[in-house]
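Novice: here is a sequence with its predicted model. Questions after.
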Amino acid sequence: MNGQTVRNPYPMTDLWEGREIGDPFLMRHDGWFYLYCSSQSNDPGIKCWKSADMIHFEYQGFVCTDPRTTYAYAPEVKYNAGKFYMVTSPRGNGHYLLVSDSPTGPFEIISDNLGLCIDGSLFVDDDGTSWFYRASPQGIRVHEMPAPDVIDVRSKVIGASWLGHWTEGPMVIKHGGRYFLTDTGNHVCCRGYHVDYTVSREGPDRGFRRLRDGMLLQETRDEYHALGHSSTCIGPDMDTRYIVYHKNVIDEYNRPRYRSLCIDRLFFNGDRMYCNATWWNQSAPRQPICTSRDGEGLTDCPQGRALAVAAPDTYTAEINFTLCAQEGSVFFSGVVLTVRRDRTWSLSTGEAGVFPANVDTGALMTVRVSMRGGHMMLCINDMLFMDAQTALGGGLAGVGEGVVPSFIGLSDAAQDSEDAAAAKAVPGAFDAVHGSLRGETVEGETGCEALVLHPGETAAYALSVWKARAYHVVATVKASGAPMTLIVNGSRMTAQTTGAATDDGMEKRYFGVITLPAGEQTLTIETEQTAVIDRIFITEADALAPAAIIEGGEDVSGGKLHVIGHKQRSSMNRKFCGYTAAEGFGEGWFGGEDWFGAQWRDCALHMVIDTMPCSPEARISGYIRSSRETWHPHQVWASRTAYAVTVTDGRIVLSKQAYGDTILAEAPLALTWGGKLELTLRAKGSRITVESGEETLLEYVDPMPLTAGRVGISANTDGFGFESVWVTEA
């Protein structure tokens, strides 16, 4: 680790109700970090915390005390046109737009109640246009803003963002020319509350698509669960992005206790963004290598006054300043950038242009420059105004004539240059290109780069491992009909082909189990034949112990069947048709701890089902390789990640669920009322089958198979029940 560590949740003072900080929003401005969150009492107002390093936060008091902001939901702030604009929806009863000259207020309401649901978020594009996003039951909705202080109440839905139920907590950032929209669902009071994302290359209001795995943050285990309502912020090194979110504490009765502030590192790979939630010690956010505030510590040089440390060839520098004349200058890498009151700019190398109309040259201005490998990016107030190839390298950064300096910072990170060195959390997933090997790359999943690993090459990855134990090793690779062998930490591991492929020619292969110690370490991967690797998954692994779960319509698990539903542990019991839902709907999960199950790979779930369906809605299901199961009356019904077989009167369906339901195979099924149906749901490698005796009823070969999980059962309404259920090896 880099010496200093942090751990989620962050310790904070002056919290709402002594412990509550929900819907956190973190904004970086002038070298400071400002944190806002939802209000949680009848005292009117919105609180703020401030940090210089994104590690330690100091309470700043109330930034607004207008009575209309009592119970203010999800306040967010954006610096635009020289002002700080805030949007919030008090008690969820419509949005207000507020404005201030300072990030610590006082903020004053400048709009009528706009309605427009909850969870508003502001985005400013590189051309200076402003956009407003908010929650809805159809997905995130986007509104045009004719001016920074005006929200058009007309909107359109971003269909790809819909999470199958209520969708909230939006935020848009721009990275690599792409628009990334994060959102949250399905209910703040369920353990499966999670953050998803979609991406667009077309614009902030169109063209969004979801990658194969749009899940960004999700955990349901006792240590960490109900992760949601995120914001995204550039870190202290002025390059690395972090996701800021809350975790909730929810008991088995779906009662929320309190929410806490959490921060984790984000990674980008073309159209993909990813992170892994952590609840153990991590290296603290990287800090600048040199800073100055209000001119302190600057040294004289031919261009003016500069930071004491010269930038290396790869760097990001940020210069915050106010014009005190009709024009002023800043400089970097031997280049002088002149900024004028009329919003025009010019470089000493000959380039020139005009800043967007929302740049107020009478207010604080921020110039950020990044250099990496002959690529230069110049931003003004977080808006990109120049992106070009250059022969420039390092050099001094500072201010010239006509400006009053504020925060000036220098970092040796630029354009995601630290992605390879940053530790990847385990359990979790990471991209193969984010390692030590700077080798050949090709497209893997559409829009993302994959690593081409040749014999004789070694790819090394920095890991931060939660605990010492066994872990599954899985990778998405270019599909082929031949086995693939990797040498992982010196151990030879061979993965068979799945026998299937996605539309973009990828498959997810299982390589085996390794044992890792806890803490920071290095994972090495070599190959015996050329391999194209997109993503690497390292997840917990458990050995399967065959067991009986239901016998004679009774639970014989000895308390190991974890039942959930609206009656909690009483949601399933024995009735006239066997072990089934007590009332309406119930589900039970077997293997591992109550809220985080065993991670079994290949196994079979055997079921004998009594068939006496009493209504068209009656259904019964078995699950395998299941994880992250939750129940709440206001979430999608398929709230788990699993393979499921579902029987209704006349139909049998095999599906893949991930807080949504994708049908893999289905067939008609003739039932005898009062009869019995024997089924086996089997997962072996990438082949998932549903069998009845010697007959295979349904089969699917999954090119992106679920890795592991426990087993489960569920029933809906009356008439289907389990006579027997047991689990064996596949």
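Specialist: Received the coordinates, thanks.
Novice: please list all residues in contact with A670.
Specialist: G650 (C-beta atoms under 8 Å, 6 or more residues apart in numbering). Heads up, the C-betas are built off the backbone N, CA and C, glycines and all.
Novice: work out for me the element it sits within.
Specialist: Here A670, judged by DSSP states H and E, is contained in no helix and no strand.
Novice: what does it show for phi and psi?
Specialist: Phi and psi for A670, reported as degrees, to the nearest 10, are phi -90, psi 120.
Novice: how about Q568?
Specialist: phi 50, psi -130.
Novice: who touches W637 in this structure?
Specialist: F585 are the contacts of W637 under C-beta under 8 Å, 6+ apart.
Novice: for it, which three-state class applies?
Specialist: Three-state call for W637 (DSSP: H, G, I helix; E, B strand; the rest coil): coil.
Novice: any idea how far it lies from E695?
Specialist: 29 Å (C-beta to C-beta, to the nearest Å).
Novice: and what of A543?
Specialist: 30 Å.
Novice: between the two, which one's more packed in?
Specialist: A543 (11 against 7; other C-beta atoms under 10 Å).
Novice: what about the more buried one, which helix or strand?
Specialist: Using DSSP H and E, no helix or strand contains A543.
Novice: what sits against it?
Specialist: A543 touches W600, counting by C-beta under 8 Å, 6+ apart.
Novice: try the one 5 residues further on
Specialist: Residues near A548 by C-beta under 8 Å, 6+ apart: 556-557, 724-726.
Novice: hmm, try it at 10 Å
Specialist: Shown in contact with A548 (C-beta atoms under 10 Å, 6 or more residues apart in numbering): 556-558, 590, 606, 724-727.
Novice: try L298
Specialist: 292, 304-308, 398-399, 405, 408.
Novice: mind giving me the packing neighbours of the helix or strand harbouring A642?
Specialist: Secondary structure from DSSP H and E places A642 in strand 641-648. Applying 3 or more C-beta pairs under 10 Å, 6 or more residues apart in numbering; DSSP states H and E, one finds that strand 641-648 contacts strand 603-611, strand 619-627, strand 651-658, strand 661-668, strand 675-684, strand 687-692, strand 695-701, strand 710-716.
Novice: not counting sequence-adjacent ones, nearest residue to the most centrally placed residue in the chain?
Specialist: The chain has L216 as the residue nearest its centroid, 2.5 Å off, counting by C-alpha atoms, centre = their mean. Spatially, and ignoring its direct neighbours in sequence, L216 is nearest to V195 (4.5 Å; C-beta to C-beta, 6 or more residues apart in numbering).
Novice: report how many residues lie close to the one you found.
Specialist: Applying other C-beta under 10 Å, I find that V195 has 23 neighbouring residues.
Novice: pretty sure it contacts G228?
Specialist: Yes - the pair V195 / G228 is scored as a contact, 5.8 Å apart, by C-beta atoms under 10 Å.
Novice: quick revisit: residue contacts, the residue nearest to L216?
Specialist: Contacts of V195 by C-beta under 10 Å, 6+ apart are 169, 171, 182-185, 214-218, 227-230, 243, 245, 275, 277.
Novice: okay, and the beta partners of it?
Specialist: For V195, the beta-bridge partners are T184, L217 (DSSP bridges).
Novice: next, work out how far apart it and V244 are.
Specialist: Applying C-beta to C-beta to V195 and V244 gives a distance of 11 Å.
Novice: so what sits against both of these two?
Specialist: 171, 229-230.
Novice: buried subset of those as a PyMOL selection?
Specialist: Selection of buried members from these for PyMOL, criterion 16 or more other C-beta atoms under 10 Å:
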select buried, resi 171+229+230
